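# Fold the following for me, if possible:
(one chain, ligands or ions: 2)
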Amino acid sequence: MLFYIALIVILLVIVMVLILHMSLDKKVVYKTLKNKHVVVTGGSSGIGKATAIEAAKLGANVTIIGRDVTKLKCAVSEIIAQCMDKSTQSIQYAALDVTSEYEVISKCIADLETDIGPIFMLVNCAGTCICGQFEDMKVQDIKMMIDLNYFGTAYTTRYVLKSMKERDEGMIVFVSSEAAFIGIYGYSAYSAAKWAVRGLAESLFMELVGTNVRLTLAFPPDTDTPGFEKEELTKPKETKLISGCGGLQSADNIGKKIIQDAMIGRTYSVFGFSGQMLSILNGGSIDSTLQVLIQVFSMGLLRAIMVSIILSFHKIVKNGLVERKQLEKQKVQ
Ligand SMILES: NC(=O)C1=CN([C@@H]2O[C@H](COP(=O)(O)OP(=O)(O)OC[C@H]3O[C@@H](n4cnc5c(N)ncnc54)[C@H](OP(=O)(O)O)[C@@H]3O)[C@@H](O)[C@H]2O)C=CC1
Ligand SMILES: CCCCCCCCCCCCCCCC(=O)[C@@H](N)CO
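Residues are numbered from 1 along each chain as shown. Ligands and ions are numbered 1, 2, ... in the order given. Alright, predicted model coming up:
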């Protein structure tokens, strides 16, 4: 009996592998960024700057976008210092607020394409995170995070997609967050914006099927950047404890992996153990036969582990409630 069950399972796996192997798209591999125009929004700091440096190391002409010109100039010098070949590469900045109207954004990108050349790779990294329980959040912060994290990605992408599809080449990167895999205390307003980014990406994956335009969706965990330092100031203790489970990465590591994953055509770019686990649990990506097999055979067990982790997060939140009540009592006395 056991023998037959094992045989059926093995046969099913073989059939699945064959079907997957035949139906998975063979993606073009972009081997180099030499002389290609790479634009990085949020490229003057943190993860964005790290990806810009990686692109420069691979020989790209890099344009970084941000609002603060002093920061942009500083980052341009840092990027130039790490170029593959300083004499041929052009590294520049454009001052632009990505929460501007669509017309302003498209004009800025059109000018950049006229000056430096068509955009081969667009990395959407401008973003920010303000933490807090939803009812305590400033209303304008809730809106600003959608404007910056979501529309700041959606508008630039809408503009470059048309010509990328016409040329049938190009790469786009979205920087979402591990907080778009799992809802977390204190990240309510921020998470919503990063889930929106993920939602847009998941649909675009299908709109890009059959073309040579590729999209990579990155899910970084906590990363040591100027933005992260600022965010720590608004972060409730519960959020620190929970998001700490994803570990703390360096911006250099994240930037390097984002560019590597984009180059080899991965749809998801995830980091560390927590990123791998959350990605498997959420399904989403279909990059290789092996990846799908791992998803199929580990999801049940991982879900069981994840539920216990989430329940331990609930415990953190409950302890926080008790502590707050005690503090209030002490204040009254
Ligand atoms: N650090 C982390 O723990 C994690 C970060 N992320 C995401 O990664 C991305 C980068 O984060 P991080 O490196 O920490 O951020 P930083 O705050 O260090 O850098 C943010 C960059 O975005 C630019 N920027 C901010 N607002 C605007 C705007 N309105 N228009 C144009 N540019 C803007 C900033 O320049 P300027 O202010 O001059 O405009 C800066 O270059 C964000 O999307 C963030 O949500 C995701 C997961 C974890
Ligand atoms: C077996 C499965 C193990 C899984 C463990 C789950 C751990 C969840 C951690 C979630 C971390 C979220 C970090 C968001 C960072 C971020 O976006 C901000 N820092 C923005 O700046």
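# residues contacting residue 108?
Contact analysis of residue 108 by C-beta atoms under 8 Å, 6 or more residues apart in numbering lists 65, 94, 96. Every C-beta, even on glycine, is put in place using the N, C-alpha and C of the backbone.
# Can the host helix or strand of the second one be said to contact ligand 1?
Just to be clear, that refers to residue 94. Element membership for residue 94, per DSSP states H and E: strand 91-95. No - Strand 91-95 lies out of reach of ligand 1 by C-beta under 6 Å from any ligand atom, never closer than 8.3 Å.
# How about residue 93: which residues does it bridge to?
Beta-bridge pairing of residue 93 under DSSP bridges involves residue 64.
# I figured it hits residue 75, correct?
Yes - under the criterion of C-beta atoms under 8 Å, residue 93 makes contact with residue 75 at 7.4 Å.
# Find the residues that touch each one of those two.
Shared contacts of residue 93 and residue 75, counting by C-beta under 8 Å, 6+ apart, come down to 43, 44, 64, 66.
# Torsion angles phi and psi at the last one?
Reported as degrees, to the nearest 10, the phi and psi values for residue 66 are phi -170, psi -180.
# Mind listing what's buried along stretch 286-300?
Using 16 or more other C-beta atoms under 10 Å as the test for burial, stretch 286-300 gives 286, 287, 289, 291, 292, 295.
# Out of those residues, which comes closest to ligand 2?
Closest approach to ligand 2 among these (C-beta to the nearest ligand atom): residue 295, at 13.9 Å.
# what about that closest one, helix or strand, and which?
helix 289-332.
# Would you mind listing what in the stretch 1-150 of the chain touches ligand 1?
Residues of the stretch 1-150 of the chain lying close to ligand 1 by C-beta under 6 Å from any ligand atom are 41-42, 44-48, 65-68, 71, 97-99, 125-129, 148-149.
# At which residues are the strands of the stretch 151-300 of the chain located?
For the stretch 151-300 of the chain, the strands defined by DSSP state E, counting those that start in this stretch cover 170-175, 213-219, 222-224, 248-250, 268-270.
# Dihedrals phi and psi, the spatially closest residue to residue 197 that is not a sequence neighbour?
What sits nearest to residue 197 in space, not counting adjacent residues and going by C-beta to C-beta, 6 or more residues apart in numbering, is residue 176, at 4.6 Å. Per-residue torsions, residue 176: phi -90, psi -130 (degrees, to the nearest 10).
# Tell me which stretches of the protein form helices.
2-23, 46-57, 69-81, 102-116, 139-145, 152-167, 188-207, 226-234, 237-243, 251-263, 272-281, 289-332 (DSSP state H).
# Just send those back as JSON lines, with mean pLDDT too.
Output for the helices of the chain, formatted as JSON lines (pLDDT from 0 to 100):
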{"stretch": "helix 2-23", "mean pLDDT": "83"}
{"stretch": "helix 46-57", "mean pLDDT": "98"}
{"stretch": "helix 69-81", "mean pLDDT": "98"}
{"stretch": "helix 102-116", "mean pLDDT": "98"}
{"stretch": "helix 139-145", "mean pLDDT": "98"}
{"stretch": "helix 152-167", "mean pLDDT": "98"}
{"stretch": "helix 188-207", "mean pLDDT": "97"}
{"stretch": "helix 226-234", "mean pLDDT": "95"}
{"stretch": "helix 237-243", "mean pLDDT": "97"}
{"stretch": "helix 251-263", "mean pLDDT": "97"}
{"stretch": "helix 272-281", "mean pLDDT": "94"}
{"stretch": "helix 289-332", "mean pLDDT": "93"}
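# closest to residue 219 out of those helices?
Each of the helices of the chain has some distance to residue 219 by C-beta to C-beta; the shortest is helix 272-281, at 5.9 Å.
# Would you point out which residue of the stretch 1-150 of the chain is nearest ligand 2?
For the stretch 1-150 of the chain, C-beta to the nearest ligand atom, closest residue to ligand 2: residue 129, 3.8 Å.
# Confirm for me that that residue is in contact with residue 145.
Yes - at 7.4 Å, residue 129 counts as touching residue 145 under the criterion of C-beta under 8 Å.
# Can you check which residues contact both of these two?
Shared contacts of residue 129 and residue 145, defined by C-beta under 8 Å, 6+ apart, comprise residue 190.
# nearest residue to residue 248 other than its sequence neighbours?
residue 222 (4.9 Å).
# Check residue 30 too.
Spatial nearest neighbour of residue 30, excluding adjacent residues (C-beta to C-beta, 6+ apart): residue 263 at 5.9 Å.
# check contacts around the one you found.
Contacts of residue 263 were listed using C-beta under 8 Å, 6+ apart, and they are 29, 30, 31, 33, 58, 171.
# For PyMOL, write a command that selects the buried ones of the residues you listed.
Burial among these is assessed by 16+ other C-beta under 10 Å; the matching PyMOL selection reads:
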select buried, resi 30+33+58+171
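# which pair in the contacts of residue 263 spans the largest distance?
The widest separation within the contacts of residue 263 (C-beta to C-beta) is 13.8 Å, between 29 and 58.
# Name the nearest of the buried residues of stretch 286-300 relative to residue 230.
For the buried residues of stretch 286-300, the nearest to residue 230 is residue 287 (33.8 Å; C-beta to C-beta).
# I appreciate the help and will end here.
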